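J.: I would like the atomic coordinates for the input below:
(one chain, ligands or ions: 1)
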Amino acid sequence: DWTPDSFVDSTVAELKEKLGNDKVVLGLSGGVDSTVAAVLLHKAIGKNLHCIFVNNGLLRKNEFSAVLDQYEGMGLNVKGVDASARFLDALAGESDPEGKRKIIGKIFIEVFDDEAHQIENAKWLGQGTIYPDVIESISVNGPSATIKSHHNVGGLPDFMKLEVVEPLRMLFKDEVRRVGASMGIDPELLGRHPFPGPGLAIRILGDITPEKVAVLQEVDAIFINGLKEDGLYDKVWQAGAILLPVQSVGVMGDERTYENCVALRAVESTDGMTADWVNLPYEFLQKTSNAIINRVKGVNRVVYDISSKPPATIEWE
Ligand code: XMP
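T.: Residues are numbered from 1 along each chain as shown. Modelled structure (predicted):
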């Protein structure tokens, strides 16, 4: 019978056997999958697992330092790399959604490769791939071609020449969470909403500046913390705020304002393929809107996205 405990025991034993004294490099994202994969590998090979956690400058407010502290508290051998400036510089002036994704992907690979290089004699690349990712990559690219497909011209980055170890390959998301819980990972971390790799870059419509990122981080933090305070966070599959490239007229005291509009989005879903907007309580929306407009300079209007997927996607870009 499959139980999380028996999975942990057998997987750790297999990893020990397979990896011996080899070094593994693994990129942590702050999400559930990479974290659970790292903890499993850590149980098997301890300090021979070298984790890298990159700040792309597009994470939620305070997320990089909070999550890095959490990883360190779990005993993981982790290096935090703050590459915010490098990402934001590269993104300057780009307003095309796919263009942003390409830039972020490219810089991530460069940063990760630089870091992986510094780990001498690394043999393996650890990944938090789960079963649905495996299926998706087979149907889209052929087996395990997800990363490589973008880089089949010229030399691969060195870390991609490593052998891949994916301890969660056979698991569904809920099983990953159960495995994580049985290893004592913080339930709050295991219950985190999905967050896209390109982060806030695809929630800032149009071009990205550090100022816009800062504004959106404040708005997002008010929304997400409010959901947590009101016991709504776990009832929602994913939530976030979008900074619109729209200014509108408002009044503040005697002054006319002409400032930004933000949209709030919260959806119910099982796998992200389809999604329904969540019927958040009006009182909650009212409180959140007031808090955002009163506290975030530069925002004078808040709207709530009541579109379901399809046809609207979850993200706006
Ligand atoms: P959409 O917007 O396509 O989103 O309805 C479905 C799910 O995928 C996430 N998403 C991404 N995740 N890189 C990612 O890692 C991306 O470029 C990306 N675009 C969308 C989105 O947050 C949602 O969970």
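J.: quick one: what helix or strand has residue 264 in it?
T.: Under the criterion of DSSP states H and E, residue 264 resides in strand 255-268.
J.: Heading C-terminal from that strand, find the next helix or strand.
T.: strand 276-277.
J.: and that following strand, how far from the chain's centre?
T.: 21 Å (CA atoms, centre = their mean, to the nearest Å).
J.: Flag every residue of the stretch 201-317 of the chain that's near the ligand.
T.: 238, 272, 309, 313-315 (CB under 6 Å from any ligand atom). (Glycine included, C-beta is placed from N, CA and C.)
J.: returning to that earlier point: of all the residues in the strand holding residue 264, which ones are buried?
T.: 257, 259-267 (16 or more other CB atoms under 10 Å).
J.: show me the contacts for the residue of the stretch 1-150 of the chain found nearest the ligand.
T.: Residue of the stretch 1-150 of the chain nearest the ligand, by CB to the nearest ligand atom: residue 101 (5.1 Å). By CB atoms under 8 Å, 6 or more residues apart in numbering, residue 101 lies in contact with 198, 201-202.
J.: Buried among the residues of the stretch 201-317 of the chain next to the ligand? Make that a PyMOL selection.
T.: To isolate the buried ones among those in PyMOL, judged by 16+ other CB under 10 Å, type:
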select buried, resi 238+272+309+314+315
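J.: Can you list which of the residues of the stretch 201-317 of the chain next to the ligand are found in helices?
T.: Among these, no residue falls in helices (DSSP state H).
J.: Reformat the residues of the stretch 201-317 of the chain next to the ligand as JSON lines; add distance to residue 36 and pLDDT.
T.: Formatted as JSON lines, those follow (distance: CB to CB, whole Å; pLDDT from 0 to 100):
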{"residue": "238", "distance to residue 36": "19", "pLDDT": "98"}
{"residue": "272", "distance to residue 36": "19", "pLDDT": "92"}
{"residue": "309", "distance to residue 36": "27", "pLDDT": "97"}
{"residue": "313", "distance to residue 36": "27", "pLDDT": "97"}
{"residue": "314", "distance to residue 36": "23", "pLDDT": "98"}
{"residue": "315", "distance to residue 36": "24", "pLDDT": "98"}
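J.: What segments of the stretch 201-317 of the chain are strands?
T.: Using DSSP state E, counting those that start in this stretch, the strands of the stretch 201-317 of the chain run over residues 238-252, 255-268, 276-277, 299-304.
J.: and residue 169, which of those is closest to it?
T.: strand 238-252 (23.8 Å; CB to CB).
J.: which stretches of the stretch 1-150 of the chain have low pLDDT?
T.: Within the stretch 1-150 of the chain, the stretches with pLDDT under 70 are 139-150.
J.: and residue 275, what are its bridge partners?
T.: According to DSSP bridges, the partner residues bridging residue 275 are residue 309.
J.: Spit out the contact partners of it.
T.: 237-238, 267-269, 308-309, 314.
J.: likewise residue 240?
T.: Neighbour list for residue 240: 193, 195, 203, 220, 223-224, 264-265 [criterion: CB under 8 Å, 6+ apart].
J.: gap between it and residue 165?
T.: Distance of residue 240 to residue 165, given as CB to CB, to the nearest Å: 32 Å.
J.: try residue 190
T.: 22 Å.
J.: Neighbour count for those two, which is higher?
T.: Per other CB atoms under 10 Å, whichever of residue 190 and residue 165 has more neighbours is residue 165, with 24 against 17.
J.: measure residue 300 to the ligand for me?
T.: 27 Å (CB to the nearest ligand atom, to the nearest Å).
J.: Surely that residue is in contact with residue 256?
T.: No. The criterion here is CB atoms under 8 Å, and residue 300 misses it with residue 256 at 10.1 Å.
J.: dump the residue contacts of residue 218.
T.: With CB under 8 Å, 6+ apart, residue 218 has these contacts: 61, 295-296.
J.: for residue 43, same thing?
T.: Residue 43 neighbours (CB under 8 Å, 6+ apart): 8, 12, 183.
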